[in-house]
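Peer 1: what's the 3D shape of this:
(one chain, ligands or ions: 1)
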Amino acid sequence: MVAEYVTGIKAAWDVAKALKVATDAIDDAHLKLQMAELISALADAKIEAAESTEKIALLQKQINTKNTLEFDGAKYMRTKEDGSTDGPFCPTCYDSEAKEIRLQSTPNSSFGSWFCRVCKGRYN
Ligand SMILES: [Zn+2]
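Peer 2: Numbers count the residues shown, from 1 in each chain. Okay, here's the model as predicted:
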């Protein structure tokens, strides 16, 4: 689904490049301008497609983890298919950037029982 339009844009890009080479020999300012606009529009589409693909992958990951991560009031835990639990994961990193960062146990700290090495958050 995603890869198909990326492949389509790449194919159009290749055709446009070949067309540009073929039309470069033709001394027509209007044609050269239109070719430049076509190449520019396709370059924008390629960038947009790459960004969309990344965003879709991130959203798919979020959908998948939303189904399995549970918020216990302070941090996220995952219940695996076999019933065992995994985690805890940092709520700040997950809520802001959808990153599953494991919290480090700090049982002797007076600031909290769990510490995130990425955002430096402390949780109980
Ligand atoms: Zn964090």
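Peer 1: show me the contact partners of stretch 63-73.
Peer 2: Applying C-beta atoms under 8 Å, 6 or more residues apart in numbering, the external contacts of stretch 63-73 come out as Y76, M77, R78, T79, K80, G87, P88, F89, P91, Y94, A98, E100. C-beta here means a position set from N, CA and C on the backbone, and glycine is covered the same way.
Peer 1: got a list of what the fifth one touches?
Peer 2: Applying C-beta under 8 Å, 6+ apart to K80 gives the contacts T68, D86.
Peer 1: what about the helices in this structure?
Peer 2: 2-24, 29-66, 91-97 (DSSP state H).
Peer 1: which elements pack onto the first one?
Peer 2: Translated: helix 2-24. Where contact means 3 or more C-beta pairs under 8 Å, 6 or more residues apart in numbering; DSSP states H and E, helix 2-24 is packed against helix 29-66.
Peer 1: the ion contacts on this protein?
Peer 2: C90, T92, C93, I101, C116, V118, C119, G121 (C-beta under 5 Å from the ion).
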